[in-house]
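S.K.: take this sequence and fold it.
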Amino acid sequence: MSKGILMVVSGPSGAGKSTVVQELVAQTEGTYLSISVTTRSPRPFEKQGEHYYFVSESEFRSMIEGGELLEYAEYAGNFYGTPAVEVDKMLSEGKDVILEIDIQGGLQVKERRPDVVLAFLIPPTVEELESRLRLRGSESEMTIRKRLEIAEREYKNVSQYDYVVVNDNVEDAAARLQAILVAERCSAKRVNPKDIKKC
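M.R.: Sure thing, here's the model as predicted:
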């Protein structure tokens, strides 16, 4: 059995990462979204163990000290991380695993897992990004300004990623990510001769 592909999907807050990744997982058999751990408070619609594992800062620091995280990062005053055991189990079973994390975390994963595929999701324009943030209606003006500043810094590091995908339409963006997975699965550096028919 061939090992699954580990893909990181990053992008500025408001780029639509969650929606696009959910669509990708829904339309791609054998693809799973890794659930991150975070210290931020849940939004009204978010459920524990489904959208995130919500923990206290002290619990998060214990996970770091125990070496339980594949990556972790601080974003807008909160911590986010990826539990390593669950990811490795799915990959060993031949499943493709998607990590929806920021650039800081994505580059940490690249150091630990050089075969990871890094994809950066962006909206069509910066103006569209700001519009999406405001439409959420859940964040203060100060938070929106901070997220836009962070996005500007992230754009400067996009060259460290393997692919850039524009989210002008959710279905199209998900299809582009799916095409990347197919191409990577058929890459000469990954392909197992026994699975050549899948390419």
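S.K.: can you tell me the element Val164 falls in?
M.R.: Per DSSP states H and E: Val164 is located in strand 163-166.
S.K.: pairing partners for that strand, with directions?
M.R.: Taking DSSP bridges as the criterion, strand 163-166 sits next to strand 117-122 (parallel) in its sheet.
S.K.: okay, and the beta partners of Leu33?
M.R.: Beta-bridge partners, per DSSP bridges, of Leu33: Ile98.
S.K.: if we go by neighbour counts, what in stretch 64-73 is buried?
M.R.: For stretch 64-73, a neighbour-count test (16 or more other Cβ atoms under 10 Å) marks 68-73 as buried. Backbone N, C-alpha and C define where each C-beta goes, glycine included.
S.K.: for the helix or strand following the strand holding Val164, packing partners?
M.R.: Downstream of strand 163-166, the first helix or strand assigned by DSSP H and E is helix 170-185. Judged by 3 or more Cβ pairs under 8 Å, 6 or more residues apart in numbering; DSSP states H and E, helix 170-185 is in contact with strand 6-10, helix 17-27, strand 117-122, strand 163-166.
S.K.: nearest to Lys110, of those?
M.R.: Smallest distance to Lys110 across those (Cβ to Cβ): 6.4 Å, for strand 117-122.
S.K.: related to what we said a few turns ago, now pLDDT, secondary structure and distance to Tyr161 too, for the buried residues of stretch 64-73, in a markdown table please.
M.R.: Below are those laid out as a markdown table (pLDDT from 0 to 100; DSSP: H, G, I helix; E, B strand; the rest coil; distance: Cβ to Cβ, whole Å):
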| residue | pLDDT | secondary structure | distance to Tyr161 |
| --- | --- | --- | --- |
| Glu68 | 94 | coil | 26 |
| Leu69 | 95 | strand | 21 |
| Leu70 | 95 | strand | 17 |
| Glu71 | 95 | strand | 15 |
| Tyr72 | 93 | strand | 19 |
| Ala73 | 84 | strand | 15 |
